[in-house]
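*Asks:* Based on what follows, work out the 3D shape:
(2 chains)
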Number of protein chains: 2
Amino acid sequence: MPPTAPHAIQDFYPDGFATCYGCGRLNAHGLHVRTLLDGELGIAEFTPRAEHTGVAGFVYGGLLASLIDCHAIGTAAAIAEQAEGRAIGDAPAPRYVTASLQVDFVKPTPHGPPLALRARVVETTARKSIVEVSITADDLETVRGRVVAVRIPASMGGG
Amino acid sequence: MPPTAPHAIQDFYPDGFATCYGCGRLNAHGLHVRTLLDGELGIAEFTPRAEHTGVAGFVYGGLLASLIDCHAIGTAAAIAEQAEGRAIGDAPAPRYVTASLQVDFVKPTPHGPPLALRARVVETTARKSIVEVSITADDLETVRGRVVAVRIPASMGGG
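*Replies:* Predicted structure coming up:
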């Protein structure tokens, strides 16, 4: 499933908003979540590090919440940009922040395989978007999330 | 405000359940969240590392979600133990896992000061507890969380 655009939205966050531990390209120690677009879908992949364990053999829930957070925010930005007629990389990306985060751990997530994240904007206004995210491991859905993402005005540097 | 018991509940998780990135004493790279009891209240303190930034100057939301997750789970265990007439450290601690996690980012959390976490079990049955958590920085509440914590049966090694 090749993405529509080869670029991750996080590569185009304004520098002042690119320090995030979860997805900032300027954070040397961070997770570097990268969100691509495939049509209306935000897609990402992440392989947890050895230390990202919860109960032995399974992925830490706080990491899964972090992935959902950053990928939802990235998807909100990428879809907003698409709606404004631009592709990722045409301009500094719009920037959203998280107002709330809901995570349901449907099944334990096995530690080892790469995780696939799929996100969809289910509601949007000029001010905020609601994004639903699903995580699968070996094609089995293990986690579902829902994020309320609020757009940072361009006047505050939000792109 | 001295805690009722000097021990953190996480110090007494069974070894097989002490590998958690957020709170496991056996995870060398983890966050090492430590939950003490003060009466009915679970209390913890955590100072984010330099890299735990979100938007510059503020704490990363995924870290805040992680702290809420582990501290809620620890509080559920500590309160269950207290309800069974034991103090933390009298026996291997009961062990809970997270079924769901809700986090509301009420205000941006400044990056720098130690964060104080307070958690309270608001509903409990033999099988699960619901725990509400508040995070404050410099005495200002910035984040609220709600966790559904499910007890791992002793037959599965859950203490």
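*Asks:* I'd assumed residue A:75 was in a strand, is it?
*Replies:* No. When DSSP: H, G, I helix; E, B strand; the rest coil is applied, residue A:75 is found to be helix, with no strand at that position.
*Asks:* my read: it touches residue A:36, true?
*Replies:* No. Between residue A:75 and residue A:36 no contact is recorded; they are 9.6 Å apart, counting by Cβ atoms under 8 Å. C-beta here means a position set from N, CA and C on the backbone, and glycine is covered the same way.
*Asks:* More neighbours: the two, which one.
*Replies:* Using other Cβ atoms under 10 Å in any protein chain shown as the criterion, residue A:75 and residue A:36 rank with residue A:75 on top: 31 against 22.
*Asks:* what's the spacing between that one and chain B?
*Replies:* Going from residue A:75 to chain B by Cβ to the nearest Cβ, to the nearest Å gives 15 Å.
*Asks:* How about the contacts made by that residue?
*Replies:* A:9, A:35, A:37, A:42, A:119-121, A:131, A:133 (Cβ atoms under 8 Å, 6 or more residues apart in numbering or on different chains).
*Asks:* can you tell me which of these are in strands?
*Replies:* Within the contacts of residue A:75, residues falling in strands by DSSP state E are A:37, A:42, A:119-121, A:131, A:133.
*Asks:* Report the secondary structure state of the residue nearest in space to the middle of chain A.
*Replies:* Closest to where the C-alpha atoms of chain A average out (Cα atoms, centre = their mean) is residue A:71, at 0.5 Å. Assigned with three-state DSSP, residue A:71 falls in the helix class.
*Asks:* Check what pLDDT the residue of chain A positioned farthest from its centre gets.
*Replies:* In terms of distance from the mean C-alpha position of chain A, residue A:56 ranks first, at 25.5 Å (Cα atoms, centre = their mean). We have a pLDDT of 89 for residue A:56.
*Asks:* element containing it?
*Replies:* For residue A:56, there is no enclosing helix or strand under DSSP states H and E.
*Asks:* Contacts only, for it.
*Replies:* B:16-17, B:19.
*Asks:* swap in residue A:55?
*Replies:* Residue A:55 neighbours (Cβ under 8 Å, 6+ apart): A:108, B:16-17, B:19-20, B:97.
*Asks:* redo that, cut-off 7 Å
*Replies:* B:17, B:97 (Cβ atoms under 7 Å, 6 or more residues apart in numbering or on different chains).
*Asks:* hey, where'd the strands end up in chain A?
*Replies:* Secondary structure of chain A (DSSP E): strands at A:36-38, A:41-46, A:96-105, A:115-124, A:128-137, A:140-151.
*Asks:* Now render the ones you listed as CSV, adding mean pLDDT.
*Replies:* Converted to CSV, those look like this (pLDDT from 0 to 100):
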stretch, mean pLDDT
strand A:36-38, 95
strand A:41-46, 98
strand A:96-105, 97
strand A:115-124, 98
strand A:128-137, 98
strand A:140-151, 98
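*Asks:* For chain B, which of these is the nearest?
*Replies:* strand A:96-105 (4.5 Å; Cβ to the nearest Cβ).
*Asks:* Wondering if that closest one reaches chain B at all.
*Replies:* Yes. Using Cβ under 7 Å from any Cβ of the partner chain, strand A:96-105 reaches chain B at A:97-105.
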